[in-house]
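Q: Sequence below, structure please.
(one chain, ligands or ions: 3)
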Amino acid sequence: MTENLIKQRIDRAQHIGVTAHIRPDGDAIGSVLGLGLSLMAAGKQVEMVLKDGVSNSFRHLAGTDQIKRSFSTECDLYIVVDCSDLKRTGGVLQGKTVGIVIDHHITNEQFAELNLIEPTSVATCAILAQNLPAWGFPITPDAARALLTGILSDSIGFRTSNTTSTSLRIAADLMDLGANISDLYNKALINRSFAATNYWGYALARLQHEDNLVWTALTLQDRANAGYTGNDDADLTNILSSIDPLDIAVLFVEQKADLTKVSWRARYGLDISGLAASFGGGGHPAAAGAEIAGSLDVVQKLVLEATRNYLDTAKVIDNTESNS
Ligand code: AMP
Ligand code: MN
Ligand code: MN
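A: Ligands and ions are numbered 1, 2, ... in the order given. Below you'll find the predicted structure:
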C-alpha cells in the first residue's frame, strides 16, 4: 500500500525537503508545518520551503519563521503537499526528483514516485493528521495547531460539503493534542487587517451578476490603493460564495498586465474543476482556480463565456436527471 511505502521512504531519508503550492493558503502552510515539525520532532533534518513565503494572517503559527523561499541544500527526499502539479510549486524543485506527493485535489497529476491522493478528504492536513502517528511521527502541539488550521481554512470552518464526521473526529483529535479551535478559527477565517477589508471594498463595489452567476475583479490599482501587501484575494472568494442563491462565483485578480488569477466557487452539485483544468488550472468540484495569460479584461471575457457555457450544459444535465 502507498501509505506503507511512504513510511519506508521517509524512514530511509535523513534530510527531507517539504514544500507546497504558490500563494499558499492555510492548508498549504498547515501541511508544510504539520509534516515538517513532526518530522523534526522525530529527529529528521527538515527544510520547509514556500516560494511565496507565509502571509501575515498565518504568522501566528509556530515554525513559520523557519519556512524559506527556496531550498539551500540538497535533500535526500522531497515531499510536496497540497499541490496538484509540479509547476504550482513555483519552480523550487527544478532539477530535483519528487519522492512523495500527499494531496486531496481531484486534479492531481501524480507527479511523484509515491502519490498519496485522497480527493474525498477535506484538507491535505486531514490526510497528514490521519497518517503521521501510524508512520511513527507523533504530532506535537505546534504541529496539531498547524494541521487544524489547514482543516479549518480548506473547509471554511466546516462549511464545505465535503466536511464529514471523520473531518470532525480528526479535528477533535487535534484539539486533544493541544490545538485551541476557537483561537485558530478566528485567526484563520475571521480576523483580517484594515487594508484587506478595504481591498475587498473595491471588488464588492463592482460586483455583477447574471442570474445566479456572480463575478467581480480586484486590480493591481485596488491593491495599491488599499495598501494590501499580499498578492492574493484576501479570502474574498469566501464572501462571494456566501451569496444566495448562487450557481457559480468567479473572482478575477490582476497579477500583472498580462497575467490574471481566476477563482471559481460553485454550489453543491456542480463540478468546476474541469473548467479550471481547461484553462491550465485545477482544484476541487466546488472550488477551483487557474492563472491565465492575458489582461484582466481579456481573461474576464473568455472565462465568463466558458463559465456560461459550462452552466448551460450543467443545467441540461440537471434537468435530464430530474426528469428521469
Ligand atoms: P483558489 O481559487 O486559489 O482559492 O483555489 C481553489 C482551489 O483550486 C484550491 O484547492 C487550489 O489549490 C486550486 N487551484 C487554484 N489555482 C490553481 C492552479 N493554477 N492549478 C491547480 N490548482 C489550482
Ligand atoms: Mn491549498
Ligand atoms: Mn487543500
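Q: what about Gln66, neighbour count?
A: Number of residues near Gln66 (other C-beta atoms under 10 Å) recorded here: 14. C-beta here means a position set from N, CA and C on the backbone, and glycine is covered the same way.
Q: From Pro138, how far out is the closest residue to Thr164 other than its chain neighbours?
A: In space, Thr164 comes closest to Val122 once its chain neighbours are excluded; the distance is 7.1 Å by C-beta to C-beta, 6 or more residues apart in numbering. With the distance defined as C-beta to C-beta, to the nearest Å, Val122 ends up 22 Å from Pro138.
Q: Of those two, give the one with the bigger neighbour count.
A: For the pair Val122 and Pro138, the greater number of neighbours falls to Val122 (27 against 11), based on other C-beta under 10 Å.
Q: helix or strand for the more buried one, which one?
A: Using DSSP states H and E, Val122 sits within no helix or strand.
Q: Now the stretch 1-150 of the chain against ligand 1: closest residue?
A: Residue nearest to ligand 1 within the stretch 1-150 of the chain: Ser84 (4.8 Å; C-beta to the nearest ligand atom).
Q: what residues are up against that residue?
A: Residues in contact with Ser84, defined by C-beta atoms under 8 Å, 6 or more residues apart in numbering, are 21, 103, 105, 107-109, 282-283.
Q: Is it located within a strand, as I assumed?
A: No. With DSSP: H, G, I helix; E, B strand; the rest coil as the criterion, Ser84 is assigned coil and is not in a strand.
Q: For Ala224, the count of nearby residues, please.
A: Residues lying near Ala224 (other C-beta under 10 Å) number 10.
Q: re the thing from before, which residues touch the residue nearest to Thr164?
A: For Val122, the residues meeting the contact criterion (C-beta under 8 Å, 6+ apart) are 104, 151, 154-155, 160, 162-164, 167.
Q: Endpoint to endpoint, stretch 172-191 covers what distance?
A: Distance across stretch 172-191, first residue to last, is 22 Å (C-alpha to C-alpha, to the nearest Å).
Q: buried set for that stretch?
A: Across stretch 172-191, burial judged by 16 or more other C-beta atoms under 10 Å covers 173-174, 177, 179, 181, 184-185, 187-189.
Q: and if you look at stretch 113-122?
A: In stretch 113-122, the ones that count as buried by 16+ other C-beta under 10 Å are 114-118, 121-122.
Q: tell me which of the contacts of Ser84 is nearest to Leu5?
A: Out of the contacts of Ser84, the one with the shortest distance to Leu5 is Asp103. That distance is 16.0 Å, counting by C-beta to C-beta.
Q: need the contact list for Gly178.
A: 140-141, 144-145.
Q: Make JSON lines out of those and add pLDDT.
A: Formatted as JSON lines, the entries for these read as follows, by pLDDT from 0 to 100:
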{"residue": "Thr140", "pLDDT": "97"}
{"residue": "Pro141", "pLDDT": "98"}
{"residue": "Ala144", "pLDDT": "98"}
{"residue": "Arg145", "pLDDT": "98"}
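Q: Now render those as a markdown table, adding distance to Asp247, neighbour count and secondary structure.
A: A markdown table is the format used below for these (distance: C-beta to C-beta, whole Å; neighbours: other C-beta atoms under 10 Å; DSSP: H, G, I helix; E, B strand; the rest coil):
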| residue | distance to Asp247 | neighbour count | secondary structure |
| --- | --- | --- | --- |
| Thr140 | 43 | 19 | coil |
| Pro141 | 42 | 14 | helix |
| Ala144 | 37 | 23 | helix |
| Arg145 | 36 | 28 | helix |
